[in-house]
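> sequence unknown, structure follows:
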């Protein structure tokens, strides 16, 4: 894969969040409706505390770049919870998210060898990817504030 995969810098956070919002609106929002869109926008895109945590590294972000342009991203809140996974529409099914996940897993294992499990809440759209990547459902699908998700775990 000719893409650069690495941790994102603070000056790349806004571009990454713009990609997340655009991709969410195109691929996730149809499963959620207006309440889900409002929740995502409020909790992620317009949330200054979330953005600040991404800028200062409290929320870690990884990305795939093609010619300096962010084409995919993953973000973690805390030590073990993945909160964002998005790939630009033109790069779906090309291994971008898998490559970012491999780098994220390598970094997490190196930075916190005692950590045994990662968690995330999968959208219906992302569920096949996570199952293929080795995540397991931890609960049945739920809907909270218009967001449909399946809680999942990954054993390190």
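Done, it's in. All values reported here derive from a predicted model rather than from experimental measurement.

> so where do the strands sit in the protein?
For the chain, the strands defined by DSSP state E occupy 4-7, 60-66, 69-77, 81-87, 117-122, 136-137, 142-144, 147-155.

> what's the angle between the fourth one and strand 117-122?
In this structure, strand 81-87 runs at an angle of 50 degrees to strand 117-122, with axes from the mean of the first three to the mean of the last three CA atoms, to 10 degrees as the basis.

> and strand 81-87, how far out from the chain middle?
1 Å (CA atoms, centre = their mean, to the nearest Å).

> now render the strands of the chain as TSV, adding mean pLDDT and mean neighbour count.
For every residue, glycine as well, the C-beta is placed using N, CA and C. Converted to TSV, the strands of the chain look like this (pLDDT from 0 to 100; neighbours: other CB atoms under 10 Å):
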stretch	mean pLDDT	mean neighbour count
strand 4-7	98	14
strand 60-66	98	22
strand 69-77	98	22
strand 81-87	97	21
strand 117-122	98	18
strand 136-137	98	12
strand 142-144	95	12
strand 147-155	97	18
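
> Throw the ones you listed into TSV and include distance to residue 107, thanks.
Formatted as TSV, the strands of the chain follow (distance: least, CB to CB, whole Å):
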stretch	distance to residue 107
strand 4-7	7
strand 60-66	7
strand 69-77	9
strand 81-87	12
strand 117-122	12
strand 136-137	22
strand 142-144	29
strand 147-155	14
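
> these: which one's closest to residue 42?
Smallest distance to residue 42 across the strands of the chain (CB to CB): 10.9 Å, for strand 147-155.

> name the helices or strands packed onto the closest one?
helix 29-40, strand 117-122, helix 127-133, strand 136-137, strand 142-144 (3 or more CB pairs under 8 Å, 6 or more residues apart in numbering; DSSP states H and E).

> which residues does the longest helix along the chain contact?
Secondary structure of the chain per DSSP state H: the longest helix is helix 96-111. The contact list for helix 96-111, computed with CB atoms under 8 Å, 6 or more residues apart in numbering, reads 1, 3, 5-7, 60, 62-64, 71-74, 76, 79-80, 82, 85, 87, 115, 118, 129, 133, 156.

> give me every residue that touches residue 7.
60-63, 107 are the contacts of residue 7 under CB under 8 Å, 6+ apart.

> and the two most separated of these?
63 and 107 (12.5 Å).

> and the residue of the chain positioned farthest from its centre, how close does it get to residue 106?
Largest separation from the mean C-alpha position in the chain: residue 114, at 22.5 Å (CA atoms, centre = their mean). For residue 114, the distance to residue 106 (CB to CB, to the nearest Å) stands at 16 Å.

> noted, bye for now.
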